[in-house]
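>>> generate a structure from the sequence data that follows.
(one chain, ligands or ions: 2)
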Amino acid sequence: MEGVDHLAHERNRSQFDVNDMKIVWAGSREAFEVSDRMSRLVANDPAFRKDNRVHLTRKELFKNTLRKAAYAWKKIIELKLSEEEAGRLRFFVDEPAYTDLHWGMFVPFLKGQGTEEQLQKWLPLAYKMQIIGCYAQTELGHGSNVQWLETTATFDPKTDEFWWPGGLGKVSTHAVVFARLITNGRDYGVHGFIVQIRSLDDHSVLPGITIGDIGVKFGNGAYNTMDNGVMHFDHIRIPRNQLLMRFSQVTREGKYVQSDVPRQLVYGTMVYVRKTIVIDASNALSRAVCIATRYSAVRRQFGSQDGVETQVINYKTQQSRLFPLLASAYAFRFVGEWLQWLYTDVTQRLAANDFSTLPEAHACTAGLKSITTAATADGIEECRKLCGGHGYLCSSGLPELFAVYVPACTYEGDNVVLLLQVARFLVKTVSQLVSGKKPVGTTAYMGRLQHLMESTCKVQKAEDWLNPSIVLEAFEVRSARMSVECAKRLSQFTNQEEGFHELSPSLVEAAVAHCQLIIVAKFIEKLQGDIPGNGVKDQLQKLCSIYALFTLHKHLGDFLSTSTITPKQASLADDQLRSLYAQVRPNAVALVDAFNYTDHYLGSILGRYDGNVYPNLYDEAWKDPMNDTAVPDGYHEYIKPLLKQQLRNSRL
Ligand SMILES: CC(C)(COP(=O)(O)OP(=O)(O)OC[C@H]1O[C@@H](n2cnc3c(N)ncnc32)[C@H](O)[C@@H]1OP(=O)(O)O)[C@@H](O)C(=O)NCCC(=O)NCCSC(=O)/C=C/CC(=O)O
Ligand SMILES: Cc1cc2nc3c(=O)[nH]c(=O)nc-3n(C[C@H](O)[C@H](O)[C@H](O)COP(=O)(O)OP(=O)(O)OC[C@H]3O[C@@H](n4cnc5c(N)ncnc54)[C@H](O)[C@@H]3O)c2cc1C
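Ligands and ions are numbered 1, 2, ... in the order given. Here you go, the predicted model:
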């Protein structure tokens, strides 16, 4: 029945104030207000309709995305929205588009790498969208290995193929292009250039440049709203001052001048985007968990008592699959908040030419991007399975969410390649202990190595696993012992690079252990701070324990093989986990209501706020074009003759 809240009984059971939790999830009351207003503005405007995406052809889909992006831009101007409001509006439009790369990579790269003079020229054009930019770094032959990019930019004192860049295929007029800078016969490695690729008069591709779309990508709808492109340069010429010269210059005479900064600053935009991808992971996972939790509370199957079947959310197996994902969504939110702080701090230090925390920023953004995207991609697929057959319908919202999300494990740095960067950072940290260098930041725990190597876990009863200090120490011991073991095995190789290559699977596991420790530590830190709201902190403490103990359970091999805990303590952790699931159960629907997602944004019949699933699932089926006629296309050509032939055969 429309208008009835079929989940009211669930909402009445919750033991905390969901409106207070909405503020904590949003980050502040102001952030909540902006988000709530923008999500409703989008949900209530039919121009942002998205339930028809899966029925559109690729060209219709793309044109529809251009229409929405132009309409959104018009709204932003008309309503004089702030940068924050505009960003939230684009988020709730929920459609990968060229604007993501224009605002998410092209503009940040200009801001990070341009000189004052270059910013004055290019930023006003980009802010007013008088030029549209993309980020062209990946080539057909190289994406991960940036140092081996093959496009060259040779300085001519007298007077290159990109693959993947989002927005490149059909829309962008300009590109940030990565190429090897060659001047006076010497290769100075990869630098960033701004290159005009299309005419601002008729959008034609400029001479010497070939551009196209790379073709259909995974899934219906999904990333096919984005014109990821292919571009080939054939000896084009650009002015010298289109080398972005904040950190290195080429003089009019062709002399290369490198200011005294780490060359990795040219990678600054990737660090910036990896940081944002962690919060994006929390957004995507919370969306899938919201759908799966509400549907699990609606769905009844087997186990009937007095003629009423059991809600599937009451099965322990459903809880053991769903609640860790709920906890992870909150965990990734809070580590993403901390990462934003770290990034701001590093940026302020860079402005003062303090590069001391650059390695930490690189390791944290790389590692946390890797493990949160991997867990989220797996988590969205698990949420689909938690919804049984209906989870496989596009009207559940889950297949398209999965298809649009999974490239996050690849773009902005392949997850394994990035974890290997973290492993290098850890091995270096351990090796520097010998020389007396005090580890700081997220590796500070390595400074207590002696203690961590000798420590024994104090758990004697299940409740002991609720003690944050005990949990934190267990994760520190596991990570420290794995890193030390890798460093020890590596030291037995005469060729360190060969050893690193040989031991890379174990090194990746040590990197994961370190990054999971960061997530647990930041969740605990969050709870040590002021958490306003009735019953809110208590719920978050339960979710923090669930994230930590589920992670311990999932990586039990590490904890046992490093003697961090005993099998008995592992069993006590499982007991505590089950108890925590029972405590979260009455609050589960309210905990996902706290994400404050509109039905429009969720795009899911299963995840409707009112839980009125079945009538709407049934009605949705009839909207499919397949049901336009009772007799399907093809009947007369292929079915009728077959049936007639079979009838004749049976009479012979
Ligand atoms: C894999 C990378 C990081 C290797 O970089 P490379 O220059 O080869 O460095 P080394 O491994 O030799 O390390 C040298 C040194 O530099 C440090 N370092 C590396 N990267 C950074 C960084 N970003 N910030 C700070 N420091 C860094 C490293 O730690 C070493 O330090 P030492 O002290 O040990 O010397 C690199 O090739 C890379 O990042 N590859 C991934 C490429 C990538 O992410 N591409 C993204 C393209 S854009 C995209 O995908 C857009 C998607 C948008 C969408 O649609 O959403
Ligand atoms: C949807 C999408 C959007 C994108 N948008 C953009 C964009 O806007 N601009 C842009 O420039 N690029 C973009 N990219 C490209 C993306 O950045 C690259 O695909 C990504 O960096 C991975 O690089 P690769 O494709 O070379 O993978 P590869 O590195 O070739 O990975 C292939 C396999 O090799 C493994 N591997 C590679 N090196 C090592 C190593 N040293 N040790 C162990 N294993 C290794 C990887 O783990 C992986 O399993 C996009 C990609 C996608 C999917």
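
>>> show me where pLDDT drops low in the stretch 301-450 of the chain?
Nowhere does the stretch 301-450 of the chain drop to pLDDT under 70.

>>> residues of the stretch 51-200 of the chain that sit close to ligand 1?
Residues of the stretch 51-200 of the chain lying close to ligand 1 (C-beta under 6 Å from any ligand atom) are 101, 135, 137-138, 143-147, 166. (Glycine included, C-beta is placed from N, CA and C.)

>>> out of these, which touch ligand 2?
Answer for these near ligand 2 (C-beta under 6 Å from any ligand atom): 101, 135, 137-138, 143-144, 166.

>>> doesn't Pro239 make contact with Arg252?
No - counting by C-beta atoms under 8 Å, Arg252 does not reach Pro239; the two are 11.2 Å apart.

>>> just checking, which of the residues of the stretch 51-200 of the chain next to ligand 1 belong to strands?
Counting by DSSP state E, those place Tyr135 in strands.

>>> and the residues of the stretch 51-200 of the chain next to ligand 1, which is the shakiest by pLDDT?
Within those, Gly166 has the lowest pLDDT, namely 82.

>>> now the end-to-end length of stretch 458-469.
Using C-alpha to C-alpha, to the nearest Å, the end-to-end distance of stretch 458-469 comes to 10 Å.

>>> now do it, average pLDDT.
Mean predicted confidence for stretch 458-469 is 98.

>>> which phi and psi values does the closest residue in space to Leu265 that isn't next to it in sequence adopt?
Spatial nearest neighbour of Leu265, excluding adjacent residues (C-beta to C-beta, 6 or more residues apart in numbering): Phe247 at 5.2 Å. Phi and psi for Phe247, reported as degrees, to the nearest 10, are phi -110, psi -10.

>>> tell me the spacing between Ser604 and ligand 2.
23 Å (C-beta to the nearest ligand atom, to the nearest Å).

>>> please report the distance of that residue from ligand 1.
23 Å.

>>> element containing that residue?
Using DSSP states H and E, Ser604 falls within no helix or strand.

>>> give me the neighbour count for the residue in the chain that ligand 2 sits nearest to.
Closest approach between the chain and ligand 2, counting by C-beta to the nearest ligand atom: Gly143, at 2.6 Å. Gly143 has 17 neighbours, counted by other C-beta atoms under 10 Å.

>>> and Cys457, that one's in a helix?
No - per DSSP: H, G, I helix; E, B strand; the rest coil, Cys457 lies outside any helix segment and is coil.

>>> that one touches Pro567, doesn't it?
No - assessed by C-beta under 8 Å, Cys457 is found out of contact with Pro567, at 11.7 Å.

>>> select only the buried ones of the residues of the stretch 51-200 of the chain next to ligand 1 in ChimeraX?
Buried members of those, defined by 16 or more other C-beta atoms under 10 Å, are picked up in ChimeraX with:
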select :101,135,137,138,143,146,166
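
>>> show me what from this structure comes close to ligand 2.
So far as C-beta under 6 Å from any ligand atom goes, the chain lies against ligand 2 at 101, 135-138, 142-144, 164-166, 223, 228, 407, 410-411, 413-414, 416-417, 420.

>>> do that again at 8 Å, thanks
Counting by C-beta under 8 Å from any ligand atom, the residues of the chain close to ligand 2 are 96, 101, 105, 134-138, 142-145, 162-168, 178, 217, 223, 226, 228, 407, 410-417, 420, 501, 504.

>>> of those residues, buried ones?
Counted by 16+ other C-beta under 10 Å, the residues of the chain next to ligand 2 give 96, 101, 105, 134-138, 142-143, 162-168, 178, 217, 223, 226, 228, 407, 411-413, 415, 420, 504 as buried.

>>> show me which of the residues of the stretch 51-200 of the chain next to ligand 1 is closest to Asn52.
Gly166 (22.9 Å; C-beta to C-beta).
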